[in-house]
Structure formats: C-alpha cells, structure tokens
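Peer 1: this one's sequence-less:
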C-alpha cells in the first residue's frame, strides 16, 4: 500500500477511535461505578498490521539488496574474466610478434645459405666448363697435329681464314661482353628502382597505419570523454530526482506524523512507538537506497565499459587483419623479387651455355667446311693437272706415231668425250662445294635466329 493511502486509512481509523472515545466519555458522565479499563483491540490490530507490513517491506528490501549484491559480484567476476582474457590476448600478440621476428631471421639465414650454395654451384659449373673446354681444345689440337700432313698444302689459306675468324670472334665476343654488361647494368638499375619503390610503399603504408591508429585512439578517447560527461550529467540528474522524491516522501511522512500527533494526543505511547518505527524504516530505506543507486550506477558504467571494450576489440581485430594482409603482400613481393632474381641468373647461365655451344659448333662447322673446300680444291687441281699431263702426253704420242687422220679424229673424239666426262665431274664437285657453303650458311643463320629468339642480340655471321 502506498504511504499516502496508508496515512489516510490510519487517519480515518483514528477519527473512528476518537468518536468511540467521546461516546465512552458521555456514558461515563452518568453517575455509576467506574468500569475496569478495557484494552482497545482495534489499535492493537492496527499496530500489529503496521508491524507486519514493515517487516514485509524490510524482508523485500533485504531480498533486493541480496540480489543486487549477487549481481554486482557476478558482474565483477565477468569484468575480471574480461581483463584476464585481454591480458592473455596481449601476451599472445607479443608471442606472435616474437615468433614472426624469429621466422624472419630464419628466412634470411636460409636465403643467405641458398645464395652461398648457388655461388658454389656456379663456381663448380664454371670450373667444369673450363676443364671441358681445355679437354676439347687438347683433343682438337691433337687432331690438328695428326692431320698436319694432310692439310700442309692448305696452310696459307687456312691461316688467312683463321686470322679472319679470330678477328670476327674477337669482335663478336667484345660485342657480347658489352651487351652483357649493359643488360647487367639495366637489371641492377631496375632492381634498385623496384627496391626503392617497395621501400617507399612500405614507409607510406606504415605511416598511414600509424596515422589511422592515432586517429582511432583520439576518437576513442573523445568518445570516452563524451560518455563520461554524459554519465556524470545522467547521474547528477538521477541523484536530484531521487533526492526530490525522498524529500517529498519525508515531508509527507512528517506532515502525517504532525497531524496524527494533533488528533490522537492521548495515544502518545503508541504514536511514539510508531514514530520511532517510521524513523527506523526511513533510515533503513535510506541505507538501502544509497547502495542501490551506487550499484545501479556501477552497473551502467560496467555495461558501457563492456560496450567500449567490445568496440575496441573489434577495431583491434580489424587492425590485426590489415597488418597481416600487408605482411602477406610484403612476403609475396619479396618472394617474387627472389624468383625474378633466380630466373635472371638462370637466363644468364643459359645464355652463356648457348653462346659457348654456338661458338663451338660454328668453329667446328667452319673448320669442317674449310677442310672439305680445301680437299675439293686440291682434288680439282689434281684432276686438272692430270688432264693437262694426259693431253700433253697424248699430243706428244700423236706426234711420234704416224696415224692416219681418221684414227686421229677418232682418238680426238675419245679424248673429247673423256674431257667432257671430266668436266662433268668437275661441275659436280663445284656444285657440291656450293651446296656445302649453302648448308653452312643455313646452319649459321638458324643458330643466329635461335640466339636472337632467346634474347641474345648482336650475333652476326
């Protein structure tokens, strides 16, 4: 029952008791023997009812206090759990950063090992190629020494061709060296440019992320300050409302107490007891209300802190994802750079191998073609000298032997046929020389086209 209704019921009951008292006084005015004092059961019932209601209110407030205390303990435990989880995640973050540093060091060490192994393999391949080249040179020298007797007649021509070939090889080697140096310089310049570009991108990305983090921290601090000001204003307004409400209740209770004192002055003992009970109830109510307001305020603060923590946790997760994506991009770019470097080294090795093969095959083909051409020319000279000797001997023989003109014409006809046959043989040999030269030119052109197709320019026959 609200306090005003309870006061009105008490006032009406007090008025009824006063009327009964007046009736008793009028009856007592009749001269008779004074009756014994009769206890008033209505007043006892009212006092008992009031006491039971106050006990019920006290039990209700005690239950509410226990519920608030238990809720506060649960909330406090949840807050401690959240703080523990936050510390654990910070520790996990620190451990992850340490692991990342260790992995970076291991990866750099592996790269150094791979570069060292690559250099060793390159040195071994170079030494093996030099040994093979020395062996081949020794073999060719041995062959040249073995075939010295056969090519003695063609030394002058061969020496001239060798000088020409040496000059051409020197020019070709010089041009190749220049192109290789230019390609190396271009690649190094491009590599430096890419390195500077990616370093600038990393710096810009790091500055952007730092600026974003500072802006988000400033925004969070500003929102926190606004929220604190709003909470203070809300708490002050709630405190004023509660103060006004309880002031009004207290003033109404005091007014009711004064009215009851004026109307039931004769019941001072009961009224004093009720007044003390009301004061005790008011004090208990005040003692219970203040912790309730404090707990409600703490509850709102904890709820707001929980909301802020959830928001900050989501932002932290987003920032971690962004950092992870940027690190993945950096690893991808580093891997691509390493792959391109390895491909460049491999292409250089392939180019050197192809150049060596081309030079060796070109020298071999030119040497064979020169040797065949010299042999064919020697055969032609030998055939021509034999024909000239035969013609001279035949003429001398005809002069010495007296043969009739018909026999001479027949012999001349046979000699002419033999000469035509030899001329046909000479033509076939010359045609063979032309075919060999054409094949040599086709082979040289094919290899030059192959080298140009593989990115090796400056190659000319």
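Peer 2: Thanks, I have the structure now. Keep in mind that what you see is a predicted model, and the values were worked out from it rather than measured.

Peer 1: mind showing which ranges of the stretch 351-461 of the chain have poor pLDDT?
Peer 2: Within the stretch 351-461 of the chain, the segments meeting pLDDT under 70 span 376, 387, 390-391, 394-412, 415, 419, 422, 447, 450-451, 454-461.

Peer 1: residue ranges for the helices of it, please.
Peer 2: Ranges of helices within the stretch 351-461 of the chain are 405-453, based on DSSP state H, counting those that start in this stretch.

Peer 1: Same check on the chain?
Peer 2: 3-28, 41-146, 155-263, 268-400, 405-453 (DSSP state H).

Peer 1: Near the nearest residue to residue 373 once chain neighbours are set aside, how many other residues are there?
Peer 2: Once flanking residues are discounted, residue 373 sits nearest to residue 433: 6.1 Å by Cβ to Cβ, 6 or more residues apart in numbering. Glycine gets a C-beta too; all of them are placed from N, C-alpha and C. The number of residues packed near residue 433 is 16, by other Cβ atoms under 10 Å.

Peer 1: Is residue 433 in contact with residue 370, as I believe?
Peer 2: No: here residue 433 does not reach residue 370: they are 11.5 Å apart, not a contact under Cβ atoms under 8 Å.

Peer 1: how near is the residue nearest to residue 373 to residue 226?
Peer 2: The spacing between residue 433 and residue 226, counted by Cβ to Cβ, to the nearest Å, is 101 Å.

Peer 1: same check, this time on residue 413
Peer 2: Going from residue 413 to residue 226 by Cβ to Cβ gives 130 Å.

Peer 1: ditto for residue 175
Peer 2: 75 Å.

Peer 1: between the two, which one's more packed in?
Peer 2: The neighbour count for residue 175 versus residue 226, taken as other Cβ under 10 Å, is higher for residue 175 (14 against 10).

Peer 1: any idea how far that one lies from residue 448?
Peer 2: From residue 175 over to residue 448 (counting by Cβ to Cβ), the distance is 13 Å.

Peer 1: and if you look at residue 256?
Peer 2: Distance of residue 256 to residue 448, computed by Cβ to Cβ: 121 Å.

Peer 1: now residue 74
Peer 2: Note on residue 74: its distance to residue 448, by Cβ to Cβ, is 87 Å.

Peer 1: and if you look at residue 366?
Peer 2: 14 Å.

Peer 1: Between residue 74 and residue 448, which is the more surrounded one?
Peer 2: Set residue 74 next to residue 448 and count neighbours by other Cβ under 10 Å: residue 448 wins out with 16 against 10.

Peer 1: Distance check, the more buried one against residue 181.
Peer 2: Remark: distance between residue 448 and residue 181 (Cβ to Cβ) = 21 Å.

Peer 1: Okay, the closest residue to residue 362 other than its chain neighbours and residue 363: tell me how far apart.
Peer 2: With sequence-adjacent residues excluded and distances taken as Cβ to Cβ, 6+ apart, residue 362 is closest to residue 444, at 6.5 Å. Applying Cβ to Cβ, one obtains 11 Å for the distance of residue 444 from residue 363.

Peer 1: What is the burial count for residue 362?
Peer 2: Around residue 362 there are 21 other residues, counting by other Cβ under 10 Å.

Peer 1: repeat for the one 3 residues further on
Peer 2: Other residues within reach of residue 365, judged by other Cβ under 10 Å, total 15.

Peer 1: pretty sure it is touching residue 445, no?
Peer 2: No: with contact defined as Cβ under 8 Å, residue 365 does not reach residue 445; the gap is 11.9 Å.

Peer 1: returning to what we had before: please say which of residue 444 and residue 363 ends up with more neighbours.
Peer 2: Under the neighbour definition other Cβ under 10 Å, residue 444 and residue 363 were set side by side, and residue 444 has more, 18 against 13.

Peer 1: Would you mind measuring from the more buried one to residue 303?
Peer 2: Between residue 444 and residue 303 the computed distance is 88 Å (Cβ to Cβ).

Peer 1: Equivalent analysis for residue 124, please.
Peer 2: Going from residue 124 to residue 303 by Cβ to Cβ gives 72 Å.

Peer 1: do residue 135 as well
Peer 2: Residue 135 is 87 Å from residue 303, where distance means Cβ to Cβ.

Peer 1: Residue 440 against residue 362, yeah?
Peer 2: No: look at residue 440 against residue 362 with Cβ under 8 Å: they stay out of range, at 9.5 Å.

Peer 1: Spit out the contact partners of residue 116.
Peer 2: The contact partners of residue 116, taken as Cβ atoms under 8 Å, 6 or more residues apart in numbering, number zero.

Peer 1: mind checking pLDDT for it?
Peer 2: In the predicted model, residue 116 carries a pLDDT score of 80.
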